[in-house]
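Q: need a 3D model of the following:
(4 chains)
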Protein chains: 2
Amino acid sequence: MAVSSAGSRRRADAERNIARIVSAARELLSSDPNATTDDIARAAGVGRMTLYGHFRTRAELVEAAFVDALRAGERVLSSIDQTGDAREVMTRLLASSWQLVAESAALLTAAEGVLPAGRVRELHADPVRRMTELVRRGQDQGVFRTDLPTSWLVSVVHYILHGAAGEVRAGRLPSHDAADMVTKSVQSVLTG
Amino acid sequence: MAVSSAGSRRRADAERNIARIVSAARELLSSDPNATTDDIARAAGVGRMTLYGHFRTRAELVEAAFVDALRAGERVLSSIDQTGDAREVMTRLLASSWQLVAESAALLTAAEGVLPAGRVRELHADPVRRMTELVRRGQDQGVFRTDLPTSWLVSVVHYILHGAAGEVRAGRLPSHDAADMVTKSVQSVLTG
DNA sequence: CACATCTCGTACATGAGAGTACGAGTTAGC
DNA sequence: GCTAACTCGTACTCTCATGTACGAGATGTG
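A: Numbers count the residues shown, from 1 in each chain, chains lettered A, B, ... in the order given. Now for the predicted structure:
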């Protein structure tokens, strides 16, 4: 997060620059978890020193980018139409969020490499919980398998998501095909 | 690979040290893709200078470790009983190799970060080809789904494998449960 | 318009890791 | 047991990224 927490108000240009930096960090770290502060500052169109004016350390910046991505994810998750059985909800969810989740794979790696152990899990406990609830609901409704633990099924969904992202990034899978393949594959695993 | 390629013969102790170094590299890089040459030399029980006597650069060492892991994988793949339909073969294959493939996930990351682009795919073209053939055979036999491309199915198998490895490493999944979950999940995706 | 806030270049300190140079000591193999 | 091959410690250079120090100039805001 930015240095000045709540006490004093920030100037508008500072606010704008912070947003730019976080956004650039999200973008760069999502394709290269080792992007340097210099890379990020440059991509944000600000000097490196400006960046350090807002984020004391690289770790602080990575966390800010990660939190930003999580917030975007939360926005999507909470806007999903929850009617119908769990299969339908899952399909809708994947259709509208697979790209987002997938893009953050490398960002997650970056966060894990830099943040104190456990902090990462702590930060995205919320989205994981929501996904877990959806899967469990499906199991309770009898539309998702119960011979595998809920937590494992949730994990597999993540792996498929991240994998698809990798394929797309590497240019081996056209982006518009990905959603369909992800959905079909996930549905198979969940229904057994 | 080692510096002296084919021309002159190596002394027995040198040969032994090379084996130790490669083995240590495989082990360390499999849990930390950023392990340093110093870490590896130390783990191999040799001086750093000995290591540099056999591998000019870190990249050369990483490649050697990667190739070594691939060879071990090939040995497993080629010893699998190929009788029965593709589902049975796949089950046998996963049972006896998931750990191996899984362990090499981080090693693969290390290789990708250090080797020239494309070199990695080039190196493990063989195992990928074998797995692809197995999946295609299943599709031809009518036991695996055909509504998703072969290459995508192969990829998903890899993701599930690597994901399981991550869970085991993180201590969230007991190692002896993993094989079963991987097998069930993969079977679901492949049969639709 | 005054001034606190913000920008950002240059320069520097630090630390980590790769790879090199040298050379004395050890060991395998004929 | 002689010799070439090998080991490996010390010490060095290079490069790269993080983070700090200083300070002059630009700009938003009351």
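
Q: which pLDDT value goes with whichever residue of chain A sits closest to DNA strand C?
A: Of all residues in chain A, residue A:47 sits closest to DNA strand C, with a separation of 2.4 Å (CB to the nearest atom of the strand). Quick note: C-beta positions are derived from backbone N, CA and C, even for glycine. You'll see residue A:47 listed with a pLDDT of 95.

Q: give me the three-state assignment for the nearest residue to it once chain neighbours are set aside.
A: With sequence-adjacent residues excluded and distances taken as CB to CB, 6 or more residues apart in numbering or on different chains, residue A:47 is closest to residue A:41, at 6.2 Å. Following DSSP: H, G, I helix; E, B strand; the rest coil, the label given to residue A:41 is helix.

Q: what's near enough to touch residue A:41?
A: A:21, A:24, A:47-48, A:50-51 (CB atoms under 8 Å, 6 or more residues apart in numbering or on different chains).

Q: tell me the one of those residues nearest residue A:174?
A: The shortest approach to residue A:174 among the contacts of residue A:41 belongs to residue A:24, at 26.5 Å (CB to CB).

Q: average pLDDT for the strand or helix carrying that closest one?
A: Using DSSP states H and E, the secondary-structure element containing residue A:24 is helix A:12-31. Summarised as a single mean, pLDDT over helix A:12-31 is 95.

Q: so is that helix next to chain B?
A: No - with CB under 8 Å from any CB of the partner chain as the measure, helix A:12-31 is seen stopping short of chain B, the closest distance being 13.1 Å.

Q: same for that helix, what does it pack against?
A: Helix A:12-31 sits against helix A:37-44, helix A:48-54, helix A:58-78, helix A:86-114, with contacts defined as 3 or more CB pairs under 8 Å, 6 or more residues apart in numbering or on different chains; DSSP states H and E.

Q: hmm, try it at 6 Å
A: helix A:37-44, helix A:58-78, helix A:86-114 (3 or more CB pairs under 6 Å, 6 or more residues apart in numbering or on different chains; DSSP states H and E).

Q: what's the angle between the longest one and helix A:12-31?
A: Angle of helix A:86-114 versus helix A:12-31, following axes from the mean of the first three to the mean of the last three CA atoms, to 10 degrees, is 100 degrees.

Q: and the next element down the chain from helix A:86-114?
A: Reading on from helix A:86-114 to the C-terminus, the next helix or strand found by DSSP H and E is helix A:119-123.

Q: what's downstream of that next one, the next helix or strand?
A: Scanning the chain past helix A:119-123 towards its C-terminal end, the next helix or strand to appear is helix A:125-141 (assignment: DSSP H and E).

Q: residues making contact with that next one?
A: Contacts of helix A:125-141 with the rest of the structure, by CB atoms under 6 Å, 6 or more residues apart in numbering or on different chains, involve A:73, A:77, A:85-86, A:144, A:146, A:150, A:153-154.

Q: one more time with 10 Å, if that's ok
A: Surrounding helix A:125-141, the residues in contact under the criterion CB atoms under 10 Å, 6 or more residues apart in numbering or on different chains are A:70-71, A:73-74, A:76-78, A:80, A:82, A:85-87, A:89-90, A:93, A:97, A:101, A:121, A:143-146, A:148-158, A:190-191.

Q: show the buried residues in those residues.
A: For those, a neighbour count by 16 or more other CB atoms under 10 Å in any protein chain shown gives the buried set as A:70, A:73, A:77, A:80, A:86-87, A:89-90, A:93, A:97, A:101, A:144-145, A:148, A:150, A:152-158, A:190.

Q: so which of those reach DNA strand C?
A: When CB under 7 Å from any atom of the strand is taken as the criterion, no member of the buried ones among the contacts of helix A:125-141 contacts DNA strand C.

Q: what about the helix or strand of chain A with the lowest mean pLDDT, distance to the chain center?
A: Scoring the helices and strands of chain A by mean pLDDT, DSSP states H and E places helix A:86-114 at the bottom, with a mean of 89. If you compare the mean C-alpha spot of helix A:86-114 with that of the full chain, they lie 5 Å apart, counting by CA atoms, centre = their mean, to the nearest Å.

Q: check stretch A:83-91 too.
A: Using CA atoms, centre = their mean, the offset of stretch A:83-91 from its chain centre is 21 Å.

Q: repeat that for stretch A:81-96.
A: Relative to its parent chain, stretch A:81-96 has a centroid offset of 18 Å by CA atoms, centre = their mean.

Q: quick one: the least confident helix or strand of chain A to helix A:58-78, angle?
A: With the same axes, to 10 degrees as the criterion, the two stretches helix A:86-114 and helix A:58-78 enclose an angle of 180 degrees.

Q: hmm, helix A:86-114 in reach of DNA strand D?
A: No - with CB under 7 Å from any atom of the strand as the threshold, helix A:86-114 lies outside contact range of DNA strand D, at a closest distance of 8.9 Å.

Q: tell me, how many residues neighbour residue A:140?
A: Residues contacting residue A:140 under the criterion other CB atoms under 10 Å in any protein chain shown number 11.
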